[in-house]
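A.B. asks: sharing a model prediction with you, sequence too.
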Amino acid sequence: MGEKLRFQANARDAFTSELTQAGWLGGPVEAACMVRQGQSPSLAATMVGVGVLKLFKSKGAKDLPRTFVLAVGADRVVAFDGGGHSRGEGTSETYHVKVDSEEKGSWPRDQVRMTMAKKGITPNAILHLPGSDVEVALPDGDAEEAFEDLVVALGGSAEPSS
């Protein structure tokens, strides 16, 4: 395990500014956000019970953690082990994040794409890595703008595909 970052991620640029300041990518971080492998089910599917099964579906990429921070630099995209949780209620709710500096994956930026998928309780996307496509979702709604910025930085649209 390497160096750890701990910060509050309630601002749109919290992930990018904290990772840029840490210097782990060797330069500015254009976009970054916490993602969870798997798709977030719709509210209707959750109420029926079908959506709960999606939450326990096996990971799509065995070499990546279930929850990780994906960061986009000038020439590469990096996955860092990370986790987060919300504290508080309503307007005083704060999203706390912990990120480990040890890289869990790194790819040339021009070989990685991300496209929005049909929205569930939280936003969903497909992370297109060399050799595999990984379904990912935003683990907590507090970072929705950062998630959309990540998709756009990796060539996708902030609007879900049909």
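C.D. replies: Right, received. Where do you want to start?
A.B. asks: please make it C-alpha for all contacts and neighbour counts, starting now.
C.D. replies: Will do.
A.B. asks: find the residue at the geometric middle of this structure.
C.D. replies: Most central in the chain under Cα atoms, centre = their mean is Val35, positioned 2.4 Å from the mean C-alpha point.
A.B. asks: what strand or helix carries it?
C.D. replies: strand 31-37 (DSSP states H and E).
A.B. asks: what are the pairing partners of that strand, and which direction each?
C.D. replies: strand 67-72 (antiparallel), strand 132-137 (antiparallel) (DSSP bridges).
A.B. asks: for those, which one sits closest to Ala146?
C.D. replies: strand 67-72 (10.7 Å; Cα to Cα).
A.B. asks: against Trp107, how distant is the residue nearest to the centre of the chain?
C.D. replies: Using Cα to Cα, to the nearest Å, we find Val35 at a distance of 17 Å from Trp107.
A.B. asks: contacting residues around the strand holding Val35?
C.D. replies: Residues outside strand 31-37 that contact it (Cα atoms under 8 Å, 6 or more residues apart in numbering): 15-16, 59-61, 65-73, 82-84, 134-139, 143, 146-147, 149-150, 153.
A.B. asks: and for stretch 67-84?
C.D. replies: Applying Cα under 8 Å, 6+ apart, the set of residues contacting stretch 67-84 from outside is 16, 25, 27-37, 64-65, 95-110, 112, 139, 150, 153-154.
A.B. asks: just the residues you listed: which are in strands?
C.D. replies: Applying DSSP state E to the contacts of stretch 67-84, the entries found in strands are 31-37, 95-108.
A.B. asks: can you select the buried ones from those residues in PyMOL?
C.D. replies: Buried residues among the ones in strands among the contacts of stretch 67-84 (16 or more other Cα atoms under 10 Å), as a PyMOL selection:
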select buried, resi 31+32+33+34+35+36+37+95+97+98+99+100+101+103+104+106
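A.B. asks: how distant is the strand holding Val35 from the center of its chain?
C.D. replies: Chain-centre distance of strand 31-37: 1 Å, with Cα atoms, centre = their mean, to the nearest Å.
A.B. asks: now stretch 10-23
C.D. replies: Distance of stretch 10-23 from its chain centroid, counting by Cα atoms, centre = their mean, is 13 Å.
A.B. asks: OK, contacts around the nearest residue to Trp24 once chain neighbours are set aside?
C.D. replies: Leaving aside its sequence neighbours, Trp24 sits nearest to Ser101 (Cα to Cα, 6 or more residues apart in numbering; 6.9 Å). Contact analysis of Ser101 by Cα under 8 Å, 6+ apart lists 1-5, 24, 80-81.
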